[in-house]
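S.K.: fold the following and give me the result.
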Amino acid sequence: MAADKPTRGADRNRTLADQADPAADEMLLPSLDDILGDETDKPALVVGQSLGGYLAVEYAARRPAWVAGLVLSGASADYRGVLGVTTWVAGLLNRIRAAIGPLDRRFRDGVKADLEDGPLPPDIVATVINGGISLAGYGQGAMALAGLDFLTKLRSFDDPVLLLNGAEDRLNPDAAETLEPKLPAAEISVVPDAGHTCSIERPDKYTAIIREFATERVWAGDDDVTDESGSKA
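M.R.: This next block holds a predicted model:
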């Protein structure tokens with residue numbers, strides 16, 4: 001199951017003020033309640049990519065009984081201090097760029113070309129593109145991360161946590177090495193030959209790592225869990 005973040009991507013005509021609405025982040029948490037309540041009767045493994053990883057931490061802090069484990073992908077960095085300031089400024093600049101038509105179109109065309117040249121099947125690429133590509137959303141996400149204290153909430157989560165990053169991500173692999181010793185049940189894994197968007201760049205390897213984590217750490221010995229081939233784990 002994949003939950004998209006409300007207000008991101010599809011509606012490209014939103015104003016900068018609309019894009020900056022912090023209530024958008026709150027909207028996703030009840031959405032996850034609805035999805036998990038409809039689809040499963042036991043705690044779920046929640047996987048979050050980039051900003052989604054920090055939202056996954058927030059969800060686990062609010063609904064610990066609903067979360068059996070966390071996979072935080074591209075979401076190991078602590079955006080406080082100097083990193084928080086530089087990230088906030090970068091986010092603001094992206095929101096300004098998004099208001100300039102040619103720059104916004106160049107960004108969307110570049111992301112679209114990268115997706116089409118990547119390993120994802122055409123139908124998946126089309127789904128991502130049709131969902132919308134928003135430079136303003138990127139900027140808003142960066143500004144939302146600045147100053148965020150996710151570590152306090154993550155430390156209170158006692159179930160398994162996987163810090164999963166692309167080997168070529170410029171920030172998160174080193175941050176994961178710093179973060180892992182501070183958590184009660186965390187481990188690190190790296191997707192080779194991939195950057196920040198490792199789920200898109202190496203989808204097969206990314207999925208295999210998560211399946212192994214799910215079967216060996218989150219639901220070890222659970223007869224209802226299957227491996228990649230569909231066999232009982």
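S.K.: from here on, just use CA atoms for contacts and neighbour counts.
M.R.: Fine.
S.K.: need the contact list for K205.
M.R.: K205 makes contacts with V191, as judged by C-alpha atoms under 8 Å, 6 or more residues apart in numbering.
S.K.: helix or strand for it, which one?
M.R.: Using DSSP states H and E, K205 sits within helix 203-213.
S.K.: tell me the buried residues in that helix?
M.R.: Of all the residues in helix 203-213, those buried under the rule 16 or more other C-alpha atoms under 10 Å are P203, K205, Y206, I209, I210, R211, F213.
S.K.: without its sequence neighbours, what residue ends up closest to the fifth one?
M.R.: Same thing as I210. Excluding the flanking residues, the one nearest I210 by C-alpha to C-alpha, 6 or more residues apart in numbering is V71, at 7.6 Å.
S.K.: quick check: bridge partners of that neighbour?
M.R.: For V71, the beta-bridge partners under DSSP bridges are V47, L162.
S.K.: what residues are up against it?
M.R.: By C-alpha under 8 Å, 6+ apart, V71 lies in contact with L45, V46, V47, G48, G53, V161, L162, L163, L164, I210.
S.K.: for this structure, what spans make up the helices?
M.R.: Per DSSP state H, the chain carries helices over the ranges 16-19, 23-39, 51-62, 81-98, 101-117, 122-131, 135-145, 151-155, 172-179, 198-201, 203-213.
S.K.: now, of those helices, which is deepest in the fold?
M.R.: Counting by mean count of other C-alpha atoms under 10 Å, helix 135-145 has the highest mean neighbour count of these, with a mean of 23.
S.K.: give the rounded mean pLDDT of that helix.
M.R.: Helix 135-145 shows an average pLDDT of 91 in the prediction.
S.K.: find the nearest non-adjacent residue to the spatially most central residue of the chain, please.
M.R.: For the chain, the residue nearest the mean C-alpha position is Q49 (1.6 Å; C-alpha atoms, centre = their mean). In space, and not counting its chain neighbours, Q49 is closest to S73: 4.7 Å by C-alpha to C-alpha, 6+ apart.
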